[in-house]
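>>> Sequence and predicted model, in that order:
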Amino acid sequence: MATISPRRSRLSNALWPIIRRLILMTLRRSAKRVLLTRDISENDQAPRRWLVQHVDRLISKVAAVADDLCPVANFDALPKAGNRLMVEMAIFTSAAYPVLLDDDVPADSARALVVDVGWEYYARLLRLTSLPFRLTSRDPGRRLR
C-alpha cells in the first residue's frame, strides 16, 4: 500500500471540506432536477411533486446522515483522492435511501429516486471530465480513443 506523506495528508484533509461542499452543491442541483419533475407518493397519499424546500430539506438530512457515516469510511487508509471521491459518493448514496424511507417514500420509489439522482449526478460529472475531449473532436469514436 502506498504511504502518504504527512504534509500531503494535511493539505488533502484541508481541501476535503471544500470538495465535499462542491459535491453537495452539485448533488443538490441533480436532486432538484430529478425530484422537482417527478410525482412522489408519501404516507400512502396520492403522488405529488416536491417543492424546492422539500428537496433542500432532503439534502440537508442526507448531509447529516453522511456526516455520521464518515468515520466508518476510514478515509486515511485510502491511497488516492479518486478513491476518496468514490467513497464520498457511496456515503451520500448510502445516506439518501434511508432518509427517503424516513420521509415515508415507498421503498421502490426511494430506490428509483436514488438511482435517478445518482445517474444525473454522474452524467454531470462526465460532462465536466469529458470537456477536453469534446473540445478537440466532434467525432465520438475519436473521443473514445
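Perfect, thanks for sending it.

>>> any idea which helix is longest in this protein?
In the chain, with assignment by DSSP state H, the single longest helix is helix 6-35.

>>> what's in contact with the very next helix or strand once past that one?
As assigned by DSSP states H and E, the chain's next helix or strand after helix 6-35 is strand 39-40. With C-beta atoms under 8 Å, 6 or more residues apart in numbering as the contact definition, strand 39-40 has outside contacts at 47-50, 105, 109, 113. All C-beta atoms are positioned from the backbone trio N, CA, C, and that covers glycine.

>>> What of stretch 90-107?
23, 27, 40-43, 58, 61-63, 65-66, 69-70, 73, 109-111, 113-114, 117-118.

>>> filter the residues you listed to the buried ones?
Of the members of the contacts of stretch 90-107, the ones counted as buried by neighbours, 16 or more other C-beta atoms under 10 Å, are 23, 27, 40, 42, 58, 61-63, 65-66, 73, 109-110, 113-114, 117-118.

>>> Narrow those to those in helices?
Per DSSP H, those map to helices at 23, 27, 58, 61-63, 65-66, 73, 109-110, 113-114, 117-118.

>>> With respect to Thr129, which of the residues you listed is nearest?
Using C-beta to C-beta, Ile23 is the member of those that lies nearest Thr129, at 14.4 Å.

>>> what about Met89, how many residues close to it?
Applying other C-beta atoms under 10 Å, we find 16 residues neighbouring Met89.

>>> need the contact list for it.
Contacts here follow C-beta under 8 Å, 6+ apart; on that basis Met89 touches 23, 118, 121.

>>> Please repeat the previous calculation with a cut-off of 7 Å.
For Met89, the contact set (C-beta atoms under 7 Å, 6 or more residues apart in numbering) is empty.

>>> Is it within a helix or a strand, and which one?
Under the criterion of DSSP H and E, Met89 resides in helix 81-102.
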